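>>> Using only what follows, build the 3D model:
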Amino acid sequence: MKVIACYSNKGGVGKTATAVNLAYSLSLAGVRTLLCDLDPQGASGFYFRLKPSKSLTNARFFDDTKRLNQAIRESDFENLDVLPANQSYRGFDILLSQMCERKSPLDRALSGVQFDYEVVVLDCPPNLSLFAEHILRTADAILVPVIPSTLSQRTFHQLVKFFKKNDLSIKKLLCFFSMVQKTKTLHRHTIEDMKRTYGKRFLKTQIPFASEVERMGIYRAPVTVTARNCNASKAYLSLCEEVILRVFNS
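Purely as a prediction, here's the structure:
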């Protein structure tokens, strides 16, 4: 079972949209997929019209494999299940700081589903915290959406420094440009600049800025379902193909 974390230390970059569309695209390709929402805002579950389990609190998430499995919900799509988040996940950092274990509690929690799925997609909260470090160590690949803007470029530099400081493998980073508007000079220049610096870490696919993605919250479904012929939908399918090649064939 592969673990792919959709992660960014900056909010508002299309992280949840990526997690939702990637998970659906993987299931469409015949890959048995679990979308695990780790963000207490619970947006991934919302997009699939699923309510979280009230009994799977932050402590039980790591220690109660049976209850975690019971909290998994079937989606409306074949090969795709969802583990919705609840607000108690806000306490993950405090809980993890009290644990003194060699093996990551997150790795242990996910091991309970390793025979049921071929891939777990993690929708992660946007911060550089103790929980984030556990996620980055556990995941086989970290998929990072980057808006080609000055602030996003700055936070990506911070992420790379965090990797180096905490002895994390840079090779895990699979980055791509999100919400791209090629008519903007700043976007074009930022893409060129970041490719020169981090070329090997960036995938070829770029997700365009699209109103269809914004309307996911209205339709509560992946854009690859509601607007399958739009450019953003085609880009997410292309992103999925690149991820499969990088993660499953490495």
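>>> only C-alpha atoms for contact and neighbour calcs from this point on.
OK.
>>> What residues of the lengthiest helix in the chain count as buried?
Looking across the chain with DSSP state H, the single longest helix is helix 231-248. Across helix 231-248, burial judged by 16 or more other Cα atoms under 10 Å covers 232-243, 247.
>>> and what of stretch 166-179?
Neighbour counts using 16+ other Cα under 10 Å place 168, 172, 173, 174, 175, 176, 177, 178, 179 of stretch 166-179 among the buried residues.
>>> Got phi/psi on the nearest residue to residue 1 once chain neighbours are set aside?
Nearest residue to residue 1, sequence neighbours excluded (Cα to Cα, 6 or more residues apart in numbering): residue 118, at 4.6 Å. Main-chain dihedrals, residue 118, degrees, to the nearest 10: phi -90, psi -20.
>>> contacting residues around residue 118?
1, 2, 31, 32, 33 (Cα atoms under 8 Å, 6 or more residues apart in numbering).
>>> So which of those residues are in strands?
Mapping those onto strands (DSSP state E) picks out 2, 33.
>>> I'd like the contacts of residue 118 written out as JSON lines, with neighbour count, distance to residue 188 and pLDDT added.
What follows is the contacts of residue 118, written out as JSON lines (neighbours: other Cα atoms under 10 Å; distance: Cα to Cα, whole Å; pLDDT from 0 to 100):
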{"residue": "1", "neighbour count": "17", "distance to residue 188": "37", "pLDDT": "95"}
{"residue": "2", "neighbour count": "16", "distance to residue 188": "33", "pLDDT": "97"}
{"residue": "31", "neighbour count": "18", "distance to residue 188": "34", "pLDDT": "97"}
{"residue": "32", "neighbour count": "19", "distance to residue 188": "37", "pLDDT": "98"}
{"residue": "33", "neighbour count": "26", "distance to residue 188": "34", "pLDDT": "98"}
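>>> Could you export the contacts of residue 118 as a markdown table, including distance to residue 59?
Below are those laid out as a markdown table (distance: Cα to Cα, whole Å):
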| residue | distance to residue 59 |
| --- | --- |
| 1 | 24 |
| 2 | 24 |
| 31 | 30 |
| 32 | 27 |
| 33 | 24 |
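>>> what mean pLDDT would you report for the host helix or strand of residue 110?
In the assignment (DSSP states H and E), residue 110 maps to helix 105-111. Mean pLDDT, computed over helix 105-111, is 89.
>>> which strands and helices sit next to that helix?
Contacts defined by 3 or more Cα pairs under 8 Å, 6 or more residues apart in numbering; DSSP states H and E place helix 105-111 against helix 58-63, helix 130-138.
>>> which residues touch the residue nearest to residue 52 when sequence neighbours are not counted?
Excluding the flanking residues, the one nearest residue 52 by Cα to Cα, 6+ apart is residue 84, at 4.8 Å. Contacts for residue 84 (Cα under 8 Å, 6+ apart) come out as 36-38, 42, 44-45, 50-53, 71-73.
>>> most surrounded residue in those residues?
Within the contacts of residue 84, most neighbours by other Cα atoms under 10 Å means residue 44, with 29 neighbours.
>>> and that residue, how far is that from residue 222?
The gap separating residue 44 from residue 222 is 10 Å, by Cα to Cα, to the nearest Å.
>>> which element follows the helix or strand where residue 186 lies toward the C-terminus?
Residue 186 belongs to helix 185-198 when assigned by DSSP H and E. Next helix or strand after helix 185-198 toward the C-terminus (DSSP H and E): strand 202-208.
>>> Just the CA atoms of that following strand, as CSV, please.
This file holds the C-alpha atoms of strand 202-208, laid out as CSV (Å, rounded to 0.1, in the frame of the first residue of the first chain):
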residue,chain,number,x,y,z
PHE,A,202,8.2,19.5,-10.3
LEU,A,203,5.8,17.4,-12.4
LYS,A,204,5.0,18.4,-15.9
THR,A,205,1.2,18.8,-15.3
GLN,A,206,0.0,22.3,-14.4
ILE,A,207,-3.6,22.8,-13.0
PRO,A,208,-5.2,26.0,-14.5
